[in-house]
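Enquirer: Fold the following, please.
(chains A and B)
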Amino acid sequence: MHERPRLAALHTSLENATLFIAVLLTGAAHFQLLSAKWGVAGVSLMVIWAVWRVRHQAASILCVFLAVLLLGAVVTPPRLKLWDTPAGLDRIDALVGRWERSGTFERDLPIVLHLVFDELTSPGAIPDMRGSEEIRANFYRLARENGFRVYDSVFARDFYSAISLPNVFGPEYLGLSEPDDIAVEEVAGVRDNEYFREFERRGYHTAVFQTAHVDFCADASVDLCETFDSFDPDSSSDDTKDLRTRVIERAHTMLRAYEPSHVSALGAVVLSKLSMLKLGTAGVLGVAGRYDVQGFPGWFDRFSAFAATVPRGSHIFAHFLVPHSPYLLTSDCRIDGRYDSGYYLALRFEAGDREARREAYYAEYLQQLGCVQTKLDQLLDALSGLDQYRDAIIVIHGDHGSRISNGNVLEDLDTRDLVDNYGTFFAVRGPGIDPGIDCTFVSLGEVFREYFAPGSPALTSGEPLPVLITSREASDDKVEVPMPRFGCTTDDH
Amino acid sequence: MRERTAALLTPVLTAALLLFNVLAHLQIAVLNGATLCVVGLVLLASLGAGVLAAAGPSLLRVGVLAGCVVALLDTAFPLRNLFE
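Expert: Next comes the predicted model:
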């Protein structure tokens, strides 16, 4: 023993105190007297204490332990994959071949191209502010130049895509006013997709392009299924992106494999600082905070190339997680934004600050929406000269509003919040459909059913179905609330 | 094994193990520019931590080693779930 007795005693006291504090923190967090982060701090202190006790041997022990673990990992499956699967156009070519070989196509049937953009609001729901007129005008130009009937006053009936869309394609497609009671925590596949089944009965072959957010491939009527690359690392090689963007994407993907962990959370913070993109709480419920925005431009180009080659008799469905938050894209589709969302303003900001925040978030949202419009223009331009698209039915819609609002509980919402949460886009083009602006005030399920369900009656001028909103007064159950009129359906618009 | 050499290797081996697991689990192609950049940067950072641990005082060494153990525990048994 080389240390002097007093120093040794001090060491021992410090060691004991560290262990005592570690046990105290861990115990207090365990019994929920302190928050979880203190519990983690307690565990970390215990580890420090243990390593300190064997500090002269710790490195060697750890080294041997890690080497054995690494060796074990290397010799057991899954093994490392060295090369990417074919990327870019090669991949699309392979897909086209696969698609055309997947069956005999009914060439008499016009192509149905169905595009769902998550959080895409209706032109009539966009608040009046700087930049909003241009966005609205672009939507109306879509109607004028490409023959779409654009609805100004359509709304979704639920706050969540994972509830809204399955109901539009399920019970509401069948004309039922009571949607399925789906818990958003159970974000899963759309298994009762009556809409897809109807198109299968008509003789269509259905190809689905989706995010991992809502699984539209769960129904047996789907013939081909592709999941977009930010959720599918196997296909994330994209030569059209610069290296920096690809490195950021790749690092995010790898970090997220370790969710939920502090390594992942801390890594995301470091990565965001290094990439000079701010970290926020934006994410998609049910998929561990993942998002799909940064992959959109590359994936949409890939999708467009595929769509331009499909034969008649194809039913192509695609769900894009844009302009869904975080608002990372500029109107010319560059990544230059923040990892943030405009949700739950009432919980995050003082009452006097909320309107300014709402407008600021909308300004970023409209930039991203501008990117969606840019890509839509490019797609429609590309399809306009193709013979197989001469009588195609093209439908484009959202699933709910921008959700840049005070929240999703009835007691927190005013009229503006309802429009922000539920106002959604709907536009359709096809033989026999008059182009123009339609001011019918209607729910998404009803208007979709009018065009795509068999024997569905034309919409009447009666009141549309109500929205369904969680209410504190109803013990957090959902209550039916009439949607306030907005857009060109109102007299004063 | 000499203590300082082991201290140098520990963060590098920890990073290698975490990288290997995620690459194999997600089946991310290794011979890809973006992947190689991420792997290179992570290994470089871990090597920096290893050099600090090897050359620095014992308190720093213990800190780095404990950090490696916590990272392993955190990813293998998410500590975030323990108290929630």
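Enquirer: Any idea which residue is closest to the centre of chain B?
Expert: B:Ala15 (2.8 Å; CA atoms, centre = their mean).
Enquirer: my guess is that one meets B:Gly40, correct?
Expert: No. The pair B:Ala15 / B:Gly40 is not scored as a contact, 11.0 Å apart, by CB atoms under 8 Å. C-betas here are computed from N, CA, C, even on glycine.
Enquirer: Helices along the stretch 201-350 of chain A, start to end?
Expert: In the stretch 201-350 of chain A, the helices defined using DSSP state H, counting those that start in this stretch lie at A:243-256, A:262-274, A:296-307, A:345-348.
Enquirer: Run the chain-centre distance for the longest one.
Expert: It stands for helix A:243-256. Helix A:243-256 sits 18 Å away from the centroid of its parent chain (CA atoms, centre = their mean, to the nearest Å).
Enquirer: just to revisit the earlier point, buried deepest among the helices of the stretch 201-350 of chain A, which one?
Expert: Ranked by mean neighbour count, the helices of the stretch 201-350 of chain A are led by helix A:296-307 with a mean of 22 (mean count of other CB atoms under 10 Å in any protein chain shown).
Enquirer: Checking that one against chain B, do any of its residues make contact.
Expert: No. Judged by CB under 8 Å from any CB of the partner chain, helix A:296-307 makes no contact with chain B; its nearest approach is 12.8 Å.
Enquirer: for chain A, what spans make up the strands?
Expert: A:112-117, A:149-155, A:205-210, A:222-227, A:314-320, A:393-397, A:423-429, A:436-438, A:442-443, A:467-471, A:477-481 (DSSP state E).
Enquirer: Next: chain B.
Expert: So, for chain B - with DSSP E - there are no strands.
Enquirer: Hmm, B:Ala29 is touching A:Thr253, no?
Expert: No. Using CB under 8 Å, B:Ala29 is not in contact with A:Thr253; the gap is 11.9 Å.
Enquirer: Give me the below-cutoff pLDDT ranges for chain B.
Expert: B:1, B:80, B:84 (pLDDT under 70).
Enquirer: Serialize the strands of chain A to CSV and add fields for mean pLDDT, distance to A:Asn193 and mean neighbour count.
Expert: Output for the strands of chain A, formatted as CSV (pLDDT from 0 to 100; distance: least, CB to CB, whole Å; neighbours: other CB atoms under 10 Å in any protein chain shown):
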stretch, mean pLDDT, distance to A:Asn193, mean neighbour count
strand A:112-117, 97, 12, 22
strand A:149-155, 96, 21, 27
strand A:205-210, 90, 9, 24
strand A:222-227, 82, 8, 18
strand A:314-320, 95, 10, 24
strand A:393-397, 98, 15, 22
strand A:423-429, 97, 19, 25
strand A:436-438, 94, 26, 19
strand A:442-443, 94, 19, 24
strand A:467-471, 93, 20, 20
strand A:477-481, 92, 22, 14
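Enquirer: which stretch among the ones you listed comes nearest A:Glu359?
Expert: strand A:423-429 (16.5 Å; CB to CB).
Enquirer: helices or strands up against that closest one?
Expert: Strand A:423-429 sits against helix A:132-146, strand A:149-155, strand A:393-397, helix A:444-452, with contacts defined as 3 or more CB pairs under 8 Å, 6 or more residues apart in numbering or on different chains; DSSP states H and E.
Enquirer: That one pairs with which strands, and in what direction?
Expert: strand A:149-155 (antiparallel), strand A:393-397 (antiparallel) (DSSP bridges).
Enquirer: buried sites along stretch B:16-25?
Expert: B:Ala16, B:Leu17, B:Leu18, B:Leu19, B:Phe20, B:Asn21, B:Val22, B:Leu23, B:Ala24 (16 or more other CB atoms under 10 Å in any protein chain shown).
Enquirer: Distance from the chain centre to it, please.
Expert: The answer for stretch B:16-25 is 11 Å, by CA atoms, centre = their mean.
Enquirer: Which residues of the stretch 251-400 of chain A lie near chain B?
Expert: Residues of the stretch 251-400 of chain A lying near chain B (CB under 8 Å from any CB): A:Ala251, A:Thr253, A:Met254, A:Ala257, A:Tyr258, A:Pro260, A:Ser261, A:His262, A:Val263, A:Ser264, A:Ala265.
Enquirer: Which one, of the strands paired with strand A:423-429, ends up nearest to A:His213?
Expert: Across the strands paired with strand A:423-429, closest to A:His213 is strand A:393-397 (CB to CB), at 16.1 Å.
Enquirer: chain center to that closest one: distance?
Expert: 19 Å.
Enquirer: what does stretch A:10-19 give?
Expert: 50 Å.
Enquirer: is any part of that stretch close to chain B?
Expert: No. Contact of stretch A:10-19 with chain B (CB under 8 Å from any CB) is absent, the minimum separation being 11.1 Å.
Enquirer: quick revisit: need the helices and strands packed on strand A:423-429 in TSV with distance to B:Ala45, can you?
Expert: TSV is the format used below for the helices and strands packed on strand A:423-429 (distance: least, CB to CB, whole Å):
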stretch	distance to B:Ala45
helix A:132-146	43
strand A:149-155	49
strand A:393-397	45
helix A:444-452	48
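Enquirer: out of these, nearest to A:Leu109?
Expert: strand A:393-397 (9.8 Å).
Enquirer: So for the closest residue to A:Ile111 other than its chain neighbours, what's the pLDDT?
Expert: Nearest residue to A:Ile111 in three dimensions, chain neighbours excluded: A:Ala392, at 4.2 Å (CB to CB, 6 or more residues apart in numbering or on different chains). A:Ala392 is assigned 97 on the pLDDT scale.
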